[in-house]
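Trainee: quick one, fold the following:
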Amino acid sequence: MRPRKDTQADRLLVDVALAHDEANQPDALFAALDRALHAAIGHKLFTILAYDGETSDAARLYSNLPVSYPAGGRKRLAAGPWTEAVLERGEPYIGRTLDDLSAVFADHALIASLGCASVLNMPVRWRGRTLGSLNLLHEACWYDDDDVAACRPFAQLALPALLAPAAS
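Mentor: Sure thing, here's the model as predicted:
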């Protein structure tokens, strides 16, 4: 049997998994995801949104830049190609330039003011439904398909925090 290589991604995934044991949830988990994804993929802005499929509302549960994007913010999401892909079909979305972001996000000017011009929206899925998303934003052309593969296991580790409100 060959020895298993210890990779940075393995260590970061373990760190996030261990955060599930902390009492101060979901804060401990969200902070661990923030640190791990910053190290593994990179971001200037990182948010976690929960989605309500019945009302089409999104609630911001976490932000690493709370002055610009405070937790607790809510918005109604309009139907369109982005919501169909990310929320209904559960497909990750990469916007590579500010033009891509402008076509999808009404707050693109605020995003640009933070030095961000690309996005990776990674859905968090359970039983065929999107419960939320991890949203990583960075400079133009930062994200690619390899980042989608790297981000997916981290996104699914956010699942307990997105299921908890439904369970209470």
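Trainee: show me what contacts the residue nearest the centre of the chain?
Mentor: The centre of the chain sits closest to Leu134, judged by CA atoms, centre = their mean, with a distance of 0.7 Å. With contact set as CB atoms under 8 Å, 6 or more residues apart in numbering, Leu134 has these partners: Leu33, Leu37, Phe46, Thr47, Ile48, Asn121, Met122, Val124, Cys151, Phe154, Ala155, Ala158. No exception for glycine: its C-beta is placed from N, CA and C like everyone else's.
Trainee: excluding sequence neighbours, find me the nearest residue to Thr97.
Mentor: Leaving aside its sequence neighbours, Thr97 sits nearest to Ala140 (CB to CB, 6 or more residues apart in numbering; 5.3 Å).
Trainee: and that neighbour, that one's in a helix?
Mentor: No. Counting by DSSP: H, G, I helix; E, B strand; the rest coil, one finds Ala140 to be coil, located in no helix.
Trainee: oh, and call the first residue 336 from now on, that's how I've got it
Mentor: New numbering, starting at 336: the last item is Ala475.
Trainee: show me the shaky parts of the protein.
Mentor: Residues of the chain meeting the criterion pLDDT under 70: 336-344, 500-503.
Trainee: can you map out the strands along it?
Mentor: For the chain, strands defined by DSSP state E occupy the ranges 380-387, 392-398, 409-411, 428-430, 453-461, 464-473.
Trainee: kindly reformat the contacts of Leu469 as TSV containing neighbour count.
Mentor: As requested, the contacts of Leu469 are arranged in TSV below (neighbours: other CB atoms under 10 Å):
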residue	neighbour count
Leu368	24
Leu372	24
Phe381	23
Thr382	24
Ile383	25
Asn456	25
Met457	28
Val459	25
Cys486	20
Phe489	22
Ala490	22
Ala493	25
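Trainee: and which of these is nearest Asp345?
Mentor: For the contacts of Leu469, the residue nearest Asp345 by CB to CB is Phe489; the value is 12.2 Å.
Trainee: what separation do you get for the closest one and His378?
Mentor: Separation of Phe489 from His378 (CB to CB, to the nearest Å): 12 Å.
Trainee: okay, and the common contacts of these two?
Mentor: Leu372.
Trainee: so the residue nearest to Thr432 sits against Ser453, correct?
Mentor: Yes. The criterion here is CB atoms under 8 Å, and Ala475 meets it with Ser453 at 5.4 Å.
Trainee: spit out the residues that contact those two alike.
Mentor: By CB under 8 Å, 6+ apart, the residues touching both Ala475 and Ser453 are Arg431, Thr432.
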